[in-house]
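Asks: take a look and give me a structure for this.
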Amino acid sequence: MTVGSGGVGTASRALLALVVFGLAGAAAAGAQTPPTAQTPTMPSTLRYGSGLLDIPVSSVLPHMSGTATYSGFWVGLDRTVLVDGAGNAVGFGPASDAYHWDTSVAFGLFDRGEAGVSVQSLKGGDTGGDVWGLFGRVRLWEPIDQGIGLAVGARYLTSPDFADGARYSPGRLGFADSRLVRDYTGGTNLSAYGVATAYLRGFDAGGRLWENDVTFTLGYGGGMFKQGGAVGFYGDGNANGWFYGTSVNMRTTARSQLTVMAEHNGFDVNVGAQFDWDGIRAGVNWLASNHAEPQGGHSSEYQKGKLGILLSVAVCPNERTFRCRPRMMRRVEPDTIRIPAPPPDTVIVRSEVTAVPTPVGEDIVVCLATGQNIPLRVTAAGDTLVGPTFAPLESLRPAMTFAGGYAGGAFWYEGNAVITFEGADFGKLGDTFPIDCDQIARVGQNQGVPLFADRAAERPLVILFVPVRPGAWARYERGIR
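Replies: Modelled structure (predicted):
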């Protein structure tokens with residue numbers, strides 16, 4: 001597959017079409033359902049914190065969490081390209097067989113931002129000097145569940161220094177290259193960008209195993225994402241600043257996740273997979289898969305397919321093990337009423353329940369701890385009726401119970417204990433009240449009882465809702481003891 005001059009090739013066109021289709025689908029989903037809270041854990045990039053392989057996404061690392069990443073790739077050339085003072089290829093040099101590596105550290109702040117530092121080259125003066133990098137991203141909007149997130153960010157790299165007085169630009173592969181002169185590559189030190197990511201729940205195979213979430217990312221940037229396209233050996237056929245990618249995140253066990261991804265970083269189509277077990281991450285990737293081998297063989301590291309590896313660890317101080325367990329989007333529990341099996345060695349006395357023919361009463365909706373509304377009818381006499389035949393609720397007990405876990409009767413609820421959630425304390429405030437399940441979404445649990453928040457709430461959360469009994473909810477507020 002080749003990339004034509006001034007545009008993107010077959011592989012990148014297909015990838016772009018897939019991403020645009022996914023963004024449109026997420027926009028339609030977001031228009032039908034208010035944004036709700038948990039986007040999937042995104043993998044570690046090669047050099048710049050969280051994201052795909054070499055492009056950012058709209059999400060950021062959780063507050064006070066961090067990643068440390070090592071990555072590298074092998075490249076072997078039977079010849080190397082030589083350029084003149086204008087960047088034009090004028091001949092070929094000797095063969096090259098090298099391994100290049102990078103390291104980076106990133107951390108999250110207030111669930112709003114992510115920043116870090118990278119080390120891409122540590123060499124002596126006449127071989128390029130040291131190349132260091134800073135990067136950061138600010139989340140403008142992120143859905144609590146399905147929908148589209150937005151972020152802006154930037155990457156900054158120092159220039160190589162070959163001690164000859166010329167000005168050089170850093171390249172996208174992270175090693176010092178004396179052929180990348182700023183006069184004809186343009187400035188690649190600062191790469192500012194904006195990015196949008198769509199988050200969608202995928203098709204699950206049944207049960208929690210192999211649950212999957214899908215992301216589609218589209219962004220635009222300058223610097224490293226755009227500059228250098230006019231230089232043939234470096235960036236022939238670039239996407240003029242546009243970058244895009246997609247990932248499928250699959251739950252493999254309760255503590256692990258496999259991510260398969262593909263991207264176009266403005267120049268190259270990169271594909272890879274990364275396995276995350278409790279914050280310990282290992283990945284393998286194939287870089288520049290869209291560049292075909294020219295006649296006579298490859299002469300440019302930038303336009304040859306390269307095998308790469310990645311090792312990373314994600315640390316979450318708020319987690320019990322200090323390692324970040326990968327998360328998936330929430331799955332909505334089915335709207336069911338569970339009827340427990342009868343205990344062994346018991347005698348069951350059955351009685352016929354006479355249906356109430358269209359009784360007069362008030363229709364109400366009760367929100368269960370499953371996050372689902374169920375319809376009930378209350379008569380003037382105070383009877384609560386349920387089901388299509390309007391059977392009295394009391395006549396069905398104890399054989400029928402409402403689904404979900406409730407705080408009523410729990411020692412921590414009755415004793416007004418605080419709830420610790422995402423590193424903050426939440427205290428009970430006021431009396432119980434009814435709530436509409438369509439306005440809330442599950443965000444976690446406390447001792448077996450689910451915790452909910454407003455669907456439109458942004459992180460960090462200030463208010464939590466706790467189901468006390470069917471239809472009755474308690475409000476917990478951050479900072480109240």
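Asks: burial count for the nearest residue to residue 121 once chain neighbours are set aside?
Replies: Closest residue to residue 121 apart from its sequence neighbours, by C-beta to C-beta, 6 or more residues apart in numbering: residue 131 at 3.9 Å. The C-beta positions use only the backbone N, C-alpha and C, and glycine is treated the same way. Counted with other C-beta atoms under 10 Å, the neighbours of residue 131 add up to 23.
Asks: residues touching residue 131, list them.
Replies: For residue 131, the contact set (C-beta atoms under 8 Å, 6 or more residues apart in numbering) comprises 119, 120, 121, 157, 158, 159, 160, 170, 174, 175, 176.
Asks: if you set the cut-off to 7 Å instead, what comes out?
Replies: 120, 121, 157, 158, 160, 170, 176 (C-beta atoms under 7 Å, 6 or more residues apart in numbering).
Asks: okay, and the first one sits in which element?
Replies: Using DSSP states H and E, residue 120 falls within strand 113-121.
Asks: pLDDT averaged over that strand - what is it?
Replies: Averaging pLDDT along strand 113-121 yields 93.
Asks: let's see it as PDB, backbone CA atoms only.
Replies: The C-alpha coordinates for strand 113-121 follow below in PDB (Å, rounded to 0.1, in the frame of the first residue of the first chain):
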ATOM      1  CA  GLY A 113      -5.200  17.400  32.600                       C
ATOM      2  CA  GLU A 114      -2.200  15.200  31.800                       C
ATOM      3  CA  ALA A 115       1.400  16.200  31.600                       C
ATOM      4  CA  GLY A 116       4.800  14.600  31.300                       C
ATOM      5  CA  VAL A 117       8.400  14.500  30.100                       C
ATOM      6  CA  SER A 118      10.100  12.300  27.500                       C
ATOM      7  CA  VAL A 119      13.700  11.400  26.800                       C
ATOM      8  CA  GLN A 120      14.200  10.600  23.200                       C
ATOM      9  CA  SER A 121      17.900  10.800  22.600                       C
END
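Asks: touching that strand from outside, list them.
Replies: Residues contacting strand 113-121 (C-beta under 7 Å, 6+ apart): 47-50, 60-61, 102-109, 128, 130-139, 157, 160, 174-176.
Asks: report the buried members of the contacts of residue 131.
Replies: With burial judged by 16 or more other C-beta atoms under 10 Å, the buried subset of these is 120, 121, 157, 160, 170, 176.
Asks: got JSON lines for those, with distance to residue 234 too?
Replies: Putting those into JSON lines (distance: C-beta to C-beta, whole Å) gives the following:
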{"residue": "120", "distance to residue 234": "16"}
{"residue": "121", "distance to residue 234": "17"}
{"residue": "157", "distance to residue 234": "15"}
{"residue": "160", "distance to residue 234": "14"}
{"residue": "170", "distance to residue 234": "12"}
{"residue": "176", "distance to residue 234": "14"}
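Asks: out of those, which comes closest to residue 93?
Replies: residue 176 (16.2 Å; C-beta to C-beta).
Asks: name all residues that make contact with the closest one.
Replies: 121, 123, 127, 128, 129, 131, 160.
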